[in-house]
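Asks: Dropping a prediction and its sequence here:
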Amino acid sequence: MRRPVKKRKRKASAAPGLSARLNAHVHLQAQADGNVTATFDEFSLPLGKYSIDALKRAQAIGVGLPVASFASARKVVDKEVALLVERLARTGLLEYRFGTANKDLAIVEPQVAGYWPQIARCTATDTIVLSRFAYLRRRGNDMVLESPRSAALFQICDPRLVSMLATLSSPQKIRELGRQPGFPGLEFIGLLLDCDILFRVGKDSDGLRPSEGDEKLVVWDFHDLLFHSRSTEGRQSSPIGGRYPHIDTIAPPPAVRAAWSGEAIDLQRFAAPAEPSPFVKLLRERHSTRDFDEAQPITLAELAQFLESAARVQWTWSEPLDFGDGDIGPEIAYTRRPYPSAGSAYELELYLAVSACEGLARGFYHYDAERHALVPIPTDEQALAMQFEAAQFAMDSPMPPQILFTIAARFPRVAWKYSAIAYSLILKDVGVLLQTLYLTATDMNLGGCAIGTGNIELFARMTGQDFHGEGPVGQFALGRGRQVGDG
């Protein structure tokens, strides 16, 4: 008889883990004295001084250092490395690899400054579902999973993860997911839970819209929240602003549209020969001011007049919602202000970062349009300075604005009524308010300038609000313009 062949025991494959590594476009340079600098996109950022042993250990950050090792760092050299990694993470220069020693499953890319991956606790008995804001898309040659609610996006490297995500279009127990080929493990599920790409649901929940988030989130449509987060700074890492991204692809589009064929009707012969009205003169005199008079800043009295003219509540009223078929809904309150607003919602709020105003202390304020009053909001000086620096950079100005208005929207006020077009209506309201601010500043011989960017995460930090509840949708700089010829 033949002797039975011993079956070899299959080695258990190593569980995937999470490691931190430098972004591909970032390079670390160490000086002879131990000082380290990160260089990227023609910028350099000093990161402090470290020992020779720490620098040797930190060389591995190019391929990845286990995230778990930083929490348990006890030796001096390990603490130094952890400090270096923390400083890199704070400035968004790291990405996080999830996978085994020889295979990437996903790459986690921070979208919010200071992001550090957290693993939400979960068990096999939990029921989870995909967020209605999560989506997969092609980016170059990669497939990425992201959400406007998430502090990070996930580059998907293993196609089996896509299959698992498709399963999560309806609530699933983690135990059942674990039976799928290529299940990535509880650690990856915890990463997605922490980033709000997945969320837990109760026993009897269907995982649909009312199950996710609070009452301020439930009113958001997918496309509106995506546009809000991706067209502002703070919750995305893509380049933003005037970068001329298509300069090598197409010629500059013309300033004036090419004329349509057909016989034109000349309107100039109908123009009135009389002197333009004061309003027409005001429209023609309106312009952007980026250079402010530091010696003679705007006064509190002028600011009060400016706000009363452009933004104060003129009167209020309420009436029941009438559907027109005899069905009466709840009582709804309305206001009237100097500018138009979709559905008389008047969802826009004015927040003032004050740098220089005679009679008013430097700080951050909310304009209470009903009481015609400024209410100070406690905030740290660093956040205030960041607002002024960003505005100065956006305006390409030699100085920060004397007063920086942040126009914030109370999103639920509009989305409660309007489906699909809520954010579009808010942006239209911002446009008419900006023109009102411009014309008021021109009428008062003050200088103003609309600003195209804003940081929604910084505003949330300064006000203590969720970014989806109330957030910035526009900015406007105000001050006394420097006269031509002033020193």
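Replies: Okay, I see it. Numbers count the residues shown, from 1 in each chain.
Asks: And the next helix or strand past the helix or strand of the chain with the lowest mean pLDDT?
Replies: One helix or strand of the chain scores below all others by mean pLDDT, DSSP states H and E: helix 68-71, with a mean of 88. For helix 68-71, the succeeding helix or strand toward the C-terminus, using DSSP states H and E, is helix 76-90.
Asks: Relative to the whole chain's centre, how far out is that following helix?
Replies: 27 Å (Cα atoms, centre = their mean, to the nearest Å).
Asks: helices or strands next to it in the packing?
Replies: Helix 76-90 sits against strand 17-22, strand 43-49, helix 52-58, helix 68-71, with contacts defined as 3 or more Cβ pairs under 8 Å, 6 or more residues apart in numbering; DSSP states H and E. (C-beta placed from N, C-alpha, C; glycine too.)
Asks: Flag every buried residue along the second one.
Replies: By that I understand strand 43-49. Residues residue 47 are the ones in strand 43-49 that count as buried (16 or more other Cβ atoms under 10 Å).
Asks: And the shortest one, by the same measure?
Replies: Taking 16+ other Cβ under 10 Å as the neighbour-count basis, helix 68-71 is seen to contain the buried residues residue 70.
Asks: With the third one instead?
Replies: Neighbour-count burial for helix 52-58 flags 54, 55, 57, 58 (criterion: 16+ other Cβ under 10 Å).
Asks: Let me see the residues that make contact with it.
Replies: For helix 52-58, the external contacting residues (Cβ atoms under 8 Å, 6 or more residues apart in numbering) are 28, 30, 34, 36, 50, 77, 78, 80, 81, 84, 85.
Asks: what packs against the least confident helix or strand of the chain?
Replies: Applying 3+ Cβ pairs under 8 Å, 6+ apart, one finds that helix 68-71 contacts strand 17-22, helix 76-90.
Asks: Include mean neighbour count and distance to residue 353 when you put those into TSV, please.
Replies: Shown next, in TSV, are the helices and strands packed on helix 68-71 (neighbours: other Cβ atoms under 10 Å; distance: least, Cβ to Cβ, whole Å):
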stretch	mean neighbour count	distance to residue 353
strand 17-22	19	34
helix 76-90	18	23
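Asks: okay, these in JSON lines with mean pLDDT next?
Replies: Output for the helices and strands packed on helix 68-71, formatted as JSON lines (pLDDT from 0 to 100):
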{"stretch": "strand 17-22", "mean pLDDT": "96"}
{"stretch": "helix 76-90", "mean pLDDT": "94"}
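Asks: Mind putting the ones you listed into CSV with distance to residue 139?
Replies: Formatted as CSV, the helices and strands packed on helix 68-71 follow (distance: least, Cβ to Cβ, whole Å):
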stretch, distance to residue 139
strand 17-22, 19
helix 76-90, 22
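Asks: just curious, which of the contacts of helix 52-58 is nearest to residue 243?
Replies: Using Cβ to Cβ, residue 28 comes nearest to residue 243 of those, at 25.9 Å.
Asks: Relative to residue 431, how far out is the closest residue to residue 418 other than its chain neighbours?
Replies: The spatially closest residue to residue 418, leaving aside those adjacent along the chain, is residue 425, at 6.0 Å (Cβ to Cβ, 6 or more residues apart in numbering). Going from residue 425 to residue 431 by Cβ to Cβ, to the nearest Å gives 11 Å.
Asks: Ok, residue 454 next?
Replies: Residue 454 is 15 Å from residue 431, where distance means Cβ to Cβ.
Asks: Please identify which of the two sits among more neighbours.
Replies: Comparing residue 454 with residue 431 by other Cβ atoms under 10 Å, the one with more neighbours is residue 454, at 24 against 13.
Asks: I'd like to know how far the nearest residue to that one once chain neighbours are set aside sits from residue 220.
Replies: Distance criterion Cβ to Cβ, 6+ apart; nearest residue to residue 454, sequence neighbours excluded, is residue 472 at 4.0 Å. Distance, residue 472 to residue 220, using Cβ to Cβ: 16 Å.
Asks: which of the two has more neighbours?
Replies: Between residue 472 and residue 220, counted using other Cβ under 10 Å, residue 472 has the larger neighbour count: 26 against 23.
Asks: State whether that one is indeed within a strand.
Replies: Yes - with DSSP: H, G, I helix; E, B strand; the rest coil as the criterion, residue 472 is part of a strand.
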